[in-house]
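**Student:** I would like to see how this sequence folds:
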Amino acid sequence: MSEKKLALIATKGTLDWAYPPFILASTAAALGYNVNVFFTFYGLQLLRKKLDLKVSPLGNPGMPMPMGMNKWFPVLGTTIPGMETAMTKMMKQKIKKKGVASIEELRNLCIEADVKLIGCQMTIDLFDMKREDFIDEIDLGGASTYFEFAGDADVQLFI
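**Tutor:** Here you go, the predicted model:
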C-alpha cells in the first residue's frame, strides 16, 4: 500500500481561518499522511514570522457572538470602528480559556511532523512581500508546485 497524501490550499489570513489548515495538516501527518499545504493570497499571512492575526466578524454570519448578539446585533454593527479588535480579543481569550493550541503551536506541530509548507511565489511578488518576513521552514513555489503534489494526492482541500 502506498503512502496517503493530503494536499491543502490555504487562502485566508484571519485568526479563525488559520485553524483549519493547520489542524487538518497536523492531524493527517499524525495519521501517516504525506502533507503539503500551499498558502496563497491572504493565506500567506499564516507563514509570517510575526503573526498578528485578527478575527473579521464582518461577512462571517456563522460566527457565534457573545451574549447572543447574533440575535439582536445587526450585521452592519460589525463595521463599527474597534469591533474587529474587540472580537479578536474575545476570540483569543476563548481560545486560551478552552486550552486550544495557538496558531504558532499548531504551525510548529506541522513543521515537526514534516508537513511541507509552500508559500506562493506569485503572491509574494504581487504584494511586494519579502522572503525574510516569513518563517525559514517554508518552500516557495507556484501553482505548478501544488499540482505536482496534488495530482497524486488522495485528498485535496481548498480552505
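**Student:** buried sites along stretch 142-153?
**Tutor:** T145, Y146, F149, A150, A153 (16 or more other CB atoms under 10 Å). Placement of C-beta: from N, CA and C, glycine included.
**Student:** sorry, slip of the keys, the one I care about is stretch 14-25.
**Tutor:** T14, L15, D16, W17, A18, Y19, P21, F22, L24, A25.
**Student:** picking that back up, tell me the two of the buried residues of stretch 142-153 that are most distant?
**Tutor:** Farthest pair in those (CB to CB) is T145 and A153. Separation: 12.9 Å.
**Student:** this structure: strands as residue ranges?
**Tutor:** Residue ranges of the strands in the chain, as given by DSSP state E, are 5-10, 34-39, 116-120, 138-141, 155-158.
**Student:** right, so of those, which gets closest to A86?
**Tutor:** Nearest of the strands of the chain (CB to CB): strand 5-10, 25.7 Å.
**Student:** got the contact list for stretch 119-132?
**Tutor:** 38-41, 44, 47, 134, 138-143 (CB atoms under 8 Å, 6 or more residues apart in numbering).
**Student:** now the residues you listed as JSON lines including distance to I9?
**Tutor:** As requested, these are arranged in JSON lines below (distance: CB to CB, whole Å):
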{"residue": "F38", "distance to I9": "5"}
{"residue": "F39", "distance to I9": "8"}
{"residue": "T40", "distance to I9": "7"}
{"residue": "F41", "distance to I9": "10"}
{"residue": "L44", "distance to I9": "12"}
{"residue": "L47", "distance to I9": "13"}
{"residue": "F134", "distance to I9": "17"}
{"residue": "I138", "distance to I9": "15"}
{"residue": "D139", "distance to I9": "15"}
{"residue": "L140", "distance to I9": "15"}
{"residue": "G141", "distance to I9": "12"}
{"residue": "G142", "distance to I9": "12"}
{"residue": "A143", "distance to I9": "10"}
